[in-house]
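Peer 1: I need the structure of the sequence given here:
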Amino acid sequence: MRIDLLLNKLCLTKTRSIAKNACDKGLVYLNGKPAKASAIVQDGDLIRFRLYGDEHELRISRVPSGNVSKKDAPQYYEMLNRIAFEPSD
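Peer 2: Residues are numbered from 1 along each chain as shown. You can find the predicted model right below:
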């Protein structure tokens with residue numbers, strides 16, 4: 001599944017276009033490398049992104065096959081770290 005779609009399906013971003021724009025601006029990393037919006041995510045991948053005033057780091061335990069309810073979303077990933085950051089001007 002594409003990383004922009006995954007971030008949206010797992011309720012980590014509010015919309016897919018926000019996830020895509022974050023990728024375009026270099027705010028999303030897949031396994032330590034900057035990710036394009038079309039990057040494919042697989043089970044076990046590490047995702048790090050800076051959005052909403054925090055830097056999130058998570059490991060995907062399994063990629064969903066379709067839509068995911070908000071209450072079930074945390075079953076698909078393990079949050080490794082969340083750090084507040086100061087955005088640069």
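Peer 1: I18 falls within a helix, correct?
Peer 2: Yes. When the secondary structure is assigned by DSSP: H, G, I helix; E, B strand; the rest coil, I18 falls within a helix.
Peer 1: tally of neighbours for it?
Peer 2: Applying other Cβ atoms under 10 Å, we find 16 residues neighbouring I18. Quick note: C-beta positions are derived from backbone N, CA and C, even for glycine.
Peer 1: do the same with the one 3 residues further on
Peer 2: Applying other Cβ under 10 Å, we find 16 residues neighbouring N21.
Peer 1: that one in helix, strand or coil?
Peer 2: Applying three-state DSSP: N21 is helix.
Peer 1: next up, the contacts around it.
Peer 2: Residues near N21 by Cβ atoms under 8 Å, 6 or more residues apart in numbering: none.
Peer 1: quick one: it from L6, how far?
Peer 2: Per Cβ to Cβ, to the nearest Å, N21 is found 15 Å from L6.
Peer 1: where's Y29, which helix or strand?
Peer 2: According to DSSP states H and E, Y29 maps onto strand 28-30.
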